[in-house]
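Need the 3D shape of this:
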Amino acid sequence: MGTITKRTNPSGKIVYRAQIRIKRAGYPDFSESRTFSKRTLAAEWLRRREAEIELNPELLYKEKKNILCPTLREAAKRYAEEVRTEYSESKFKTLNFVMNFDIANKHIDRLRREDFTAYAFMRQRGANEIGLMPVKPATINADLQYLRSILKHAHFVWGLPVTWTEIDIAIEGLRRARVIGKADKRERLPTTEELQKLTNYFYFSWKRHSTNDMRVPMHLIIWFAIYSCRRQAEIGRLEWADLNLDTRQWLVKDVKHPRGSKGNHKKFEIRDELIPVIDAFRTAEVQKQMRGNTDLLLGGYKSKTISALFTKACKALHINDLRFHDLRHEGATRLAEDGLSVPLMQQVTLHGDWESMRIYTNLRRRPKRLEFLEAMEKAKDEIK
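Numbers count the residues shown, from 1 in each chain. Next comes the predicted model:
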């Protein structure tokens, strides 16, 4: 039961102290008190508080056990083990990189905005002493967003007493200071001359296949990327069994998505211009040079091989600032030039929202556009 004690405070004012003491088997000793200016208020608080404790006896555990939160490095490792199959591998490569810095040594419940901003400024400036080059605002933003996802996971899944308020405040401040921001929209497209050079180079290398790498039919892959608008990793996952030429659709598994790619399977539309490329892939001459898993479009070759070979070719041909992903942009641009509406374009590109397609609206067709069959004829003429 509670008690009310009349007291005089140092200023000479009369106050009433309400106190509850409870000793109950199986529970720790409990004591709680509050002071009021009137006895009626003290009595009312006692009545309500005692009823609340009677209904919720777990309130007797007033002193909660201290929970030792893991360091950011430990939390990142556990997070990766639990969700790795749901997100792209690039996310976890970034997290592994961040774990090399001082911020990873802090316990996640003790991370403050100054920890996140110090990391961001260090990434912005770079560090010559450790060979760390400065990076763009979008890269820093991605790093912080990945760290934020760890904190939220620790709160919602592990039940740890952590908050992401501090990193949100840091992100807002860094955004205002323009230390972080969205990625610049690339507008680089391959020219007709560059596409022909790449086709010639890859076809010649493939026909000679002096090394195992050159067995990869890159002369077909670059045109497949353009006409299908597929990402590099998606091309590597395409299976022949998922191709349906009757419906003109090909199933892409684990399509990239901000909330996780695992299980996000979608079909893209196969347009007429892609058919000759698919037929070229299925010829005996190409198939016999593909190694490993013949169920896959690329056989046993990994998607990262595509990027490495493309970069090597651009360097050899003195083609500057062209990336394999720009071929997807080239493909989407061609769809827009052909007058397709955004919904029809999305059936090929599989972009998830209209906003990401805005750049392609109101485009007019270029006077001259190199196509696959023409490029291959010229490439074959080159090695005769």
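
list the buried ones in the longest helix seen in the chain?
Of all the segments assigned as helix in the chain under DSSP state H, the longest by residue count is helix 137-156. Judged by neighbour count (16 or more other C-beta atoms under 10 Å), helix 137-156 contains these buried residues: 137, 140-144, 146-151, 153-155. For glycine as for every other residue, the C-beta is placed from the backbone atoms N, C-alpha and C.

just stretch 34-51 next, same as before
Judged by neighbour count (16+ other C-beta under 10 Å), stretch 34-51 contains these buried residues: 36, 42, 45-46, 49.

can you count the residues close to the nearest residue to Arg237 once chain neighbours are set aside?
Distances taken as C-beta to C-beta, 6 or more residues apart in numbering put Lys253 closest to Arg237, at 5.6 Å, once the chain neighbours are dropped. The local packing count at Lys253 equals 15, with neighbours defined by other C-beta atoms under 10 Å.

OK, contacts around Lys253?
Contacts of Lys253 were listed using C-beta atoms under 8 Å, 6 or more residues apart in numbering, and they are 237, 239, 242, 265.

Neighbour-wise, which one of the residues you listed leads?
Ranked by neighbours (other C-beta under 10 Å), the contacts of Lys253 are led by Arg237, which has 18 neighbours.

ok, it - contacts?
252-254, 296, 303.

can you redo those residues as TSV with pLDDT and secondary structure?
Supplementary listing: the contacts of Arg237 in TSV, determined by pLDDT from 0 to 100; DSSP: H, G, I helix; E, B strand; the rest coil:
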residue	pLDDT	secondary structure
Val252	91	strand
Lys253	87	coil
Asp254	77	coil
Leu296	87	strand
Ser303	79	helix
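
Give me the buried entries from those residues.
With neighbours counted by 16+ other C-beta under 10 Å, the contacts of Arg237 contain buried members at 252, 254, 296, 303.

roughly how far apart are the last one and Leu238?
When distance is defined by C-beta to C-beta, to the nearest Å, Ser303 is 10 Å away from Leu238.

same deal with the second one?
Asp254 sits 11 Å away from Leu238 when distances are taken as C-beta to C-beta.

and what of Thr192?
When Thr192 is compared with Leu238 (using C-beta to C-beta), they lie 27 Å apart.

again with Leu327
From Leu327 across to Leu238, the span is 15 Å (C-beta to C-beta).

Neighbour count: those two, which is higher?
Leu327 (27 against 21).

wait, what's in contact with that one?
190, 222, 225-226.

Now stretch 267-276: buried residues?
Within stretch 267-276, the residues scored as buried using 16+ other C-beta under 10 Å are 267-271, 273-274, 276.

Straight-line length of that stretch, end to end?
With C-alpha to C-alpha, to the nearest Å as the measure, the first residue of stretch 267-276 is 19 Å from its last.

Residues contacting that stretch, please?
The set of residues external to stretch 267-276 that reach it, using C-beta under 8 Å, 6+ apart, is 224, 227-230, 245, 248-252, 278, 347-350, 371-373.

mind giving me CSV with the contacts of Arg237 and columns for distance to Met218?
Output for the contacts of Arg237, formatted as CSV (distance: C-beta to C-beta, whole Å):
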residue, distance to Met218
Val252, 20
Lys253, 23
Asp254, 23
Leu296, 16
Ser303, 12
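
quick one: His325 and Arg231 touch, right?
Yes: the pair His325 and Arg231 qualifies as a contact (C-beta atoms under 8 Å) at a distance of 7.0 Å.

more crowded one of the two?
More neighbours surround Arg231 than the other of His325 and Arg231, with 20 against 15 (other C-beta under 10 Å).

picking up where we left off before, out of the contacts of stretch 267-276, list just those in strands.
Secondary-structure check on those using DSSP state E: residues within strands are 249-252.

Specify the strand with the largest residue count in the protein.
In terms of residue count, the longest strand belonging to the chain (DSSP E) is strand 14-22.

Right, I'll call it a day here.
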